[in-house]
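pasting a predicted model and its sequence here:
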Amino acid sequence: EGGEMFDEGEHTISYWLYKSQKKVSERHRHRYEVNPKMIEKIEAAGLAFAGRDADTFERMEISELPRSVHPFYMGCQYHPEFQSRPLEPSPPFMGLLLASCGKLDLFLDRAKSKEKIGNGH
């Protein structure tokens, strides 16, 4: 198990899907990783790395495309299926389900509203 930190915070879908947690724990898939030398070029092309490992901050764990480019594009370098249950899907699967039925915007708006209320805004 490894911890992921969210780089972009409230600007990413994954941040809201994981209920504003700064750190999450998922089982990392160790077979393939993003070449650190390519990260800057990949990000310049539009793919954002929203989550990185908490230990070194060098291993890319979560990637996203902006909503202006794709309705829901989130990739992860871990196994979200290990924490999914039929009536409680893991956050990446929940995001896919919400986007596929047109409810992702409503979910994101509600999540952002709850955080503002919780912070006294």
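Received, thanks.

CA only for contacts and neighbour counts going forward, please
Will do.

my guess is Arg29 contacts His79. True?
Yes: with contact defined as C-alpha atoms under 8 Å, Arg29 reaches His79; the gap is 6.6 Å.

quick one: average pLDDT of stretch 82-95?
Average pLDDT, stretch 82-95: 92.

now do the same contact list for Phe107.
Counting by C-alpha atoms under 8 Å, 6 or more residues apart in numbering, Phe107 touches Leu98.

okay, and it sits in which element?
Under the criterion of DSSP states H and E, Phe107 resides in helix 104-118.

quick check: buried residues in that helix?
104, 107-108 (16 or more other C-alpha atoms under 10 Å).

list the contacts of stretch 73-89.
14, 26-29, 33, 60-67, 90-93.

among those, which ones are buried?
Buried members of the contacts of stretch 73-89, scored by 16+ other C-alpha under 10 Å, are 14, 26, 28, 60-66, 90-93.

could you dump these to CSV with distance to Met74 and secondary structure?
As requested, these are exported to CSV (distance: C-alpha to C-alpha, whole Å; DSSP: H, G, I helix; E, B strand; the rest coil):
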residue, distance to Met74, secondary structure
Ser14, 8, helix
Glu26, 15, strand
His28, 16, strand
Met60, 12, strand
Glu61, 10, strand
Ile62, 7, strand
Ser63, 6, strand
Glu64, 4, strand
Leu65, 7, coil
Pro66, 10, coil
Ser90, 13, coil
Pro91, 11, helix
Pro92, 7, helix
Phe93, 10, helix
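
need the residues you listed in a markdown table with distance to Lys37, can you?
Below are those laid out as a markdown table (distance: C-alpha to C-alpha, whole Å):
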| residue | distance to Lys37 |
| --- | --- |
| Ser14 | 24 |
| Glu26 | 24 |
| His28 | 20 |
| Met60 | 12 |
| Glu61 | 16 |
| Ile62 | 17 |
| Ser63 | 16 |
| Glu64 | 19 |
| Leu65 | 20 |
| Pro66 | 22 |
| Ser90 | 30 |
| Pro91 | 29 |
| Pro92 | 26 |
| Phe93 | 30 |
